[in-house]
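[1] my questions concern the predicted model and sequence given below.
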Amino acid sequence: MGEAKLTEELLPKVNIAIIGGSYAGLSLANTLHINSVSYTIFDRRSLPYNHVMGGSGFNVPSLLVIQDRLQLKRSRNTELHNITRKNVIDLLLERGMTNMISESNVVEINKEASSFYITTETKSNDKTDDTSKITTKHGPYQILIGADGVLSTCRKSSFKGMFLIGDARWVNDRWFDLGLRRIDRGADIAMIDGLQLGEAICNSAKRCTDMRQLIHSVNNKTDNVFCAREIYYKKMMRQSALVVLLFGVLLKYLLK
């Protein structure tokens, strides 16, 4: 990329929360890591990941490019003809796990002024009570990124400064093919999402002087495809259009 690495003097005091530690979230985290941007990953699973979800096929044609851009080491386990889902996750985790809060379920996201605060629940160590949980509030974060999959908690919000990547933004993708493209190339698309958003944040941070300017720059660089607010409004518009269509069909039936 040929540009100087980010330093404390070059970037705003930005602290980023990533919800979800799979392909999208970890690719984003690696991009931030090599550019010295502060981040924290929240994931429900415990480390190490013993089971990585996905079908039998694993189609990641962009892996070599992603490895180069993220400065990841290559090995026999990460050659395209020999790659497994767990190989890729383990490779991405080498950096990401140092800034990860695992076994934490995000139960609430709040925005106070211009900062995000995340409330998580974790199981307590009280062996006499399996239902006992510890609630913790984390923050402040200036940017929040949802990488928490198809059933995304983050997608339910439309805060400014929130972005969605991977399956969390499926509603903004080719909805008309019923998700077949994501089924075939979900991991590949997720890693590209994380890389592209991460690079947009890092490149914008080198030129911006405040958070409002940075967020605006990121949205411009990515054509708003990761913007949670845009995705939320598109979802609402589609749902409204469906309601109007169904109402029209019902009205036509009743007037016969």
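    Great, that's in hand.
[2] ok so P140 is a strand residue?
    Yes - with DSSP: H, G, I helix; E, B strand; the rest coil as the criterion, P140 is assigned to a strand.
[3] so it touches N110, yeah?
    No - counting by C-beta atoms under 8 Å, no contact exists between P140 and N110, whose distance comes to 10.3 Å. Heads up, the C-betas are built off the backbone N, CA and C, glycines and all.
[4] who touches both of those two?
    Common contacts of P140 and N110 (C-beta atoms under 8 Å, 6 or more residues apart in numbering): F116, Y117.
[5] list the buried residues for the strand or helix carrying K235?
    Using DSSP states H and E, the element containing K235 is helix 228-254. Of all the residues in helix 228-254, those buried under the rule 16 or more other C-beta atoms under 10 Å are A228, R229, E230, I231, Y232, K234, K235.
[6] what's the closest non-adjacent residue to R207?
    With C-beta to C-beta, 6 or more residues apart in numbering as the criterion, R207 has its nearest non-adjacent residue at 7.0 Å, and that residue is S217.
[7] check what pLDDT that neighbour gets.
    The pLDDT attached to S217 in the predicted structure is 93.
[8] quick one: contacts for it?
    The neighbourhood of S217, defined by C-beta under 8 Å, 6+ apart, consists of A200, S204, R207, C208.
[9] state the phi and psi torsions of the last one.
    In this case it means C208. As for C208, its main-chain torsions (degrees, to the nearest 10) stand at phi -100, psi 150.
[10] neighbours of it, how many?
    Applying other C-beta atoms under 10 Å, we find 19 residues neighbouring C208.
[11] hmm, it is touching L214, no?
    Yes - applying C-beta under 8 Å, one finds C208 in contact with L214, separated by 4.1 Å.
[12] cool, thanks, signing off.
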